[in-house]
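Undergrad: How does the following fold in three dimensions:
(chains A and B, ligands or ions: 1)
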Amino acid sequence: MKDELREAVRALCRKYPDEYWRGLDERRAYPEAFVAELTRSGYLGCLIPEEYGGAGLGLRDASVVLEEINRSGGSAAACHAQMYTMGTLLRHGSEEQKRRYLPGIARGELRLQAFAVTEPDAGSDTTQISTTAVRQGDRYVVNGKKIFISRVQHSDLMILLARTTPIEQVKKRTDGLSVFLVDIREAGERMRVQPVATMINHETNELFFDGLEVPVENRIGEEGKGFGYILGGMNVERILLASESIGDALYFVDRATEYSRQRIVFGRPIGQNQGVQFPIARAYVATQGAMALRDNAASLYDAGQLPGAEANMCKYLASEAAWEAANAAMNTFGGYGLAVEFGIERKFRESRLYLVAPIANNLILCYVGEHVLHLPRSY
Amino acid sequence: MKVAVCLKRVPDTTTKIVIGSDGKSIDENGVKFVPNPYDEYALEEAIALKERAGAGETVVYSLGGDSSQETIRTALAMGIDRGVLLQGAGSADGFEVAKTFAAELKGGGFDLVLFGKLAVDDYNMQVGPMTAELLGVPCITTVAHLTLANGAIEAEREIEGGIEVCTCSMPAVLTIDKGLNTPRLPSLKGIMAAKKKPLEVRPVHVGVGTLMVSSLTLPPERLAGRIVGEGPDAVPALVSLLRTEAKVL
Ligand SMILES: Cc1cc2nc3c(=O)[nH]c(=O)nc-3n(C[C@H](O)[C@H](O)[C@H](O)COP(=O)(O)OP(=O)(O)OC[C@H]3O[C@@H](n4cnc5c(N)ncnc54)[C@H](O)[C@@H]3O)c2cc1C
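TA: Residues are numbered from 1 along each chain as shown, chains lettered A, B, ... in the order given. Prediction:
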């Protein structure tokens, strides 16, 4: 399956060459045509079980899809969340919620690709979020703010993490948080969306909740258990975004290798110099390591385990490998690396994101220190 | 509407070709193989014809080794209903290949048999027309536009400096030119469905025939360009080189 899938995604991506992505980047526009075709071809619904209208594939296959998109020079960030945000619903939603939403998500008619966790005053310390959801009869009333919430303007639904019991009243700080499915189309004035301009073409926003009402039936799972639900989904997110970084790394290695073979300076291809060759080779080696760990993490997940450490570590290795490869490519291309027409600078900017999102790499080291090496908690 | 497509597995046109140690075949090591690009137009047309007719069957035939199963699966993933692998070594003699296809297709009840106008590996353009002849049905080659009405075919061919319109009745063999359509990419559902579609393997014996390949050589490598000089002063040197070295003047 993996090879056929890879070939098929490659063939699709070939229709969206560098110029397509460069044009979007210049206009800061959403890749409508690309996302529509990807959706139509069924790739974004690949993780949804067949009984809900998806393809019922595993993470190993889904990884291939995102890896190939980024390797082709594209950016899966515009739509990757449509693949996995539904996971919270799938794993913790009621049968009724699943029947109601998953088939539409699988067809792409319902876009659930916004995931609202990060807050300005909490940052990486998720349990400190201050957005609250207070129950009033058959609804919850949401107040607070979020930042860097991506794709809200291209979503119909959004997963929201909010505090339902004040932190002073819970035994553990991870308790008292709940997950909601917010219908963005009905939110109106109660949820203000303020775009955040960034150095990449990526729609991300500040959200201001001012008494947004969410029906009780839109709560996912039990009240107060939301943090655990979100963490489970994060394993998937990390493995998939590691795959995008691997795609980025391979893109840089592909382009740098090709360019260094062709560019003649001092009467020989620059790739003949170890000073040029080694950084590319080193980045390639790092990428292979990341791939092995990613494949392992994905296989464990597909086999029904919760590979927290593996998922975190592969995200770490992959994003670092991509950044190493990005710098190797930038150096290989010399001045042309900065020239927009060559595409390297755009991917350089895009690949940088994954060192800090969806989790900053330092926090992965914090996790490994605490949970794998059993050192004292450092954060 | 029952349509057969004959499909060949060929090296990807972007693959770097290495000639085998026998000097007359391609070294298949590390070569990526793809469906013959012209056959993809034929596959698309077959699927679209059935879709438009609302009923019928599409069948893909390929002659080759077991690796051709992968190529057949690609066709099934696009939407062809079932596949048949004529398992055996091909022949450089197109007539032998045509005989093999004709024997398989005879009695199949096909309204149309489609081929690509040529296979990009050997550029023979023979198998389609020869198969038509052996089946005793008309053949229109390099079809760039196609209309079917009441069992009659009207096909346009892009000939030098113009368009030729040909008609014939069904059943018929058509060889397809690019531009007839845009081949669809397999969707994820298509890829998954293809695994469950029937793929029959039928061993065949293809005759050696009367035509052999005696050798293969790669085109000469293109030499790097050279800057002769700059400005008008360089013109005499350039002209002289074009005359004496490149011999193009
Ligand atoms: C383009 C973009 C899109 C995003 N999309 C989303 C989205 O859709 N949904 C969402 O919820 N979030 C999203 N995010 C937010 C992202 O997940 C956060 O930026 C990330 O988790 C880091 O949080 P922060 O920016 O508040 O950094 P901070 O938590 O302020 O950290 C700043 C720096 O300090 C380091 N640091 C902090 N604490 C420690 C410690 N104890 N030990 C060592 N180092 C430490 C961090 O590693 C980091 O380098 C997005 C961010 C960006 C930039």
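Undergrad: make it CA atoms for all contacts and neighbour counts henceforth
TA: Fine.
Undergrad: just for chain A, where's the confidence low?
TA: Judged against pLDDT under 70, the low-scoring parts of chain A cover residues A:1.
Undergrad: show me where it has helices.
TA: In chain order, chain A shows helices spanning A:2-14, A:18-27, A:32-40, A:59-71, A:80-84, A:86-92, A:95-107, A:226-262, A:274-302, A:308-333, A:344-352, A:361-367, with DSSP state H as the criterion.
Undergrad: For chain B, find the nearest of those.
TA: Closest to chain B of these is helix A:2-14 (Cα to the nearest Cα; 6.6 Å).
Undergrad: Restricting to C-alpha, output that closest one in PDB.
TA: Listed next in PDB are the C-alpha coordinates belonging to helix A:2-14 (Å, rounded to 0.1, in the frame of the first residue of the first chain):
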ATOM      1  CA  LYS A   2       2.700   2.400   1.000                       C
ATOM      2  CA  ASP A   3       4.400   2.500  -2.500                       C
ATOM      3  CA  GLU A   4       1.200   2.800  -4.400                       C
ATOM      4  CA  LEU A   5       0.000   5.500  -2.100                       C
ATOM      5  CA  ARG A   6       3.300   7.400  -2.400                       C
ATOM      6  CA  GLU A   7       3.200   7.200  -6.200                       C
ATOM      7  CA  ALA A   8      -0.400   8.400  -6.300                       C
ATOM      8  CA  VAL A   9       0.300  11.400  -4.000                       C
ATOM      9  CA  ARG A  10       3.400  12.200  -6.000                       C
ATOM     10  CA  ALA A  11       1.400  12.200  -9.200                       C
ATOM     11  CA  LEU A  12      -1.200  14.500  -7.600                       C
ATOM     12  CA  CYS A  13       1.500  16.900  -6.300                       C
ATOM     13  CA  ARG A  14       3.200  17.100  -9.700                       C
END
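Undergrad: ok, the longest strand seen in chain B: who's next to it in the sheet?
TA: Ranked by residue count, the top strand of chain B under DSSP state E comes out as strand B:139-149. Strand B:139-149 has these partner strands in its sheet, going by DSSP bridges: strand B:152-159 (antiparallel), strand B:172-176 (parallel).
Undergrad: Tabulate these in JSON lines, adding columns for distance to residue B:236, mean pLDDT and mean neighbour count.
TA: As requested, the strands paired with strand B:139-149 are exported to JSON lines (distance: least, Cα to Cα, whole Å; pLDDT from 0 to 100; neighbours: other Cα atoms under 10 Å in any protein chain shown):
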{"stretch": "strand B:152-159", "distance to residue B:236": "42", "mean pLDDT": "96", "mean neighbour count": "17"}
{"stretch": "strand B:172-176", "distance to residue B:236": "49", "mean pLDDT": "98", "mean neighbour count": "26"}
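Undergrad: Nearest to residue A:218, out of those?
TA: Between residue A:218 and these, the tightest spacing by Cα to Cα is seen for strand B:172-176, at 54.6 Å.
Undergrad: contacts for the closest one?
TA: Contacting residues not belonging to strand B:172-176 are listed as B:38-39, B:41-42, B:111-118, B:128-129, B:131-132, B:137-144 [Cα atoms under 8 Å, 6 or more residues apart in numbering or on different chains].
Undergrad: Do you have the strands of chain B handy? List them.
TA: Taking DSSP E as the test, the strands found in chain B are B:2-7, B:9-11, B:33-35, B:57-64, B:82-87, B:112-116, B:139-149, B:152-159, B:162-169, B:172-176, B:199-203.
Undergrad: Packing partners of the last one?
TA: Secondary-structure packing of strand B:199-203 (3 or more Cα pairs under 8 Å, 6 or more residues apart in numbering or on different chains; DSSP states H and E): strand B:82-87.
Undergrad: quick check, distance from the longest strand of chain B to the centre of its chain.
TA: 16 Å (Cα atoms, centre = their mean, to the nearest Å).
Undergrad: OK, contacts around residue 131?
TA: You didn't say which chain, so I picked chain A. Contacts were defined as Cα under 8 Å, 6+ apart; by that measure residue A:131 touches A:142, A:143, A:144, A:145, A:146, A:162, A:163.
Undergrad: Correction: the question concerned chain B.
TA: Contact partners of residue B:131, counting by Cα under 8 Å, 6+ apart, are B:98, B:99, B:101, B:102, B:173.
Undergrad: What's the local residue count around whichever residue of chain B sits closest to chain A?
TA: Proximity of chain B to chain A (Cα to the nearest Cα) peaks at residue B:187, 4.3 Å away. Around residue B:187 sit 23 other residues, with neighbours defined as other Cα atoms under 10 Å in any protein chain shown.
Undergrad: Quick check, pLDDT for it.
TA: According to the per-residue confidence, residue B:187 scores 93 in pLDDT.
Undergrad: thought it was touching residue A:42?
TA: Yes. Look at residue B:187 against residue A:42 with Cα atoms under 8 Å: they come within range, at 6.4 Å.
Undergrad: Quick check: closest non-adjacent residue to the residue of chain B closest to chain A.
TA: residue A:41 (4.3 Å; Cα to Cα, 6 or more residues apart in numbering or on different chains).
Undergrad: Tell me who's in contact with that neighbour.
TA: If a contact means Cα under 8 Å, 6+ apart, then residue A:41 has B:186, B:187, B:188, B:189 as its contacts.
Undergrad: Reformat the strands of chain B as a markdown table; add distance to the ligand.
TA: Listed next are these as a markdown table, based on distance: least, Cα to the nearest ligand atom, whole Å:
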| stretch | distance to the ligand |
| --- | --- |
| strand B:2-7 | 46 |
| strand B:9-11 | 42 |
| strand B:33-35 | 38 |
| strand B:57-64 | 45 |
| strand B:82-87 | 44 |
| strand B:112-116 | 47 |
| strand B:139-149 | 48 |
| strand B:152-159 | 51 |
| strand B:162-169 | 54 |
| strand B:172-176 | 48 |
| strand B:199-203 | 45 |
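Undergrad: out of these, nearest to residue A:63?
TA: Go through these one by one with Cα to Cα and the one that ends up closest to residue A:63 is strand B:33-35, at 23.6 Å.
Undergrad: how distant is the closest one from the center of its chain?
TA: Strand B:33-35 has its average C-alpha position 10 Å from the chain's average C-alpha position, going by Cα atoms, centre = their mean.
Undergrad: now do stretch A:7-21
TA: Here stretch A:7-21 is found 20 Å from its chain centre; the criterion is Cα atoms, centre = their mean.
Undergrad: Go through that stretch and flag the buried ones.
TA: Buried positions in stretch A:7-21, judged by neighbour count with 16 or more other Cα atoms under 10 Å in any protein chain shown: A:7, A:8, A:9, A:10, A:12, A:13, A:16, A:21.
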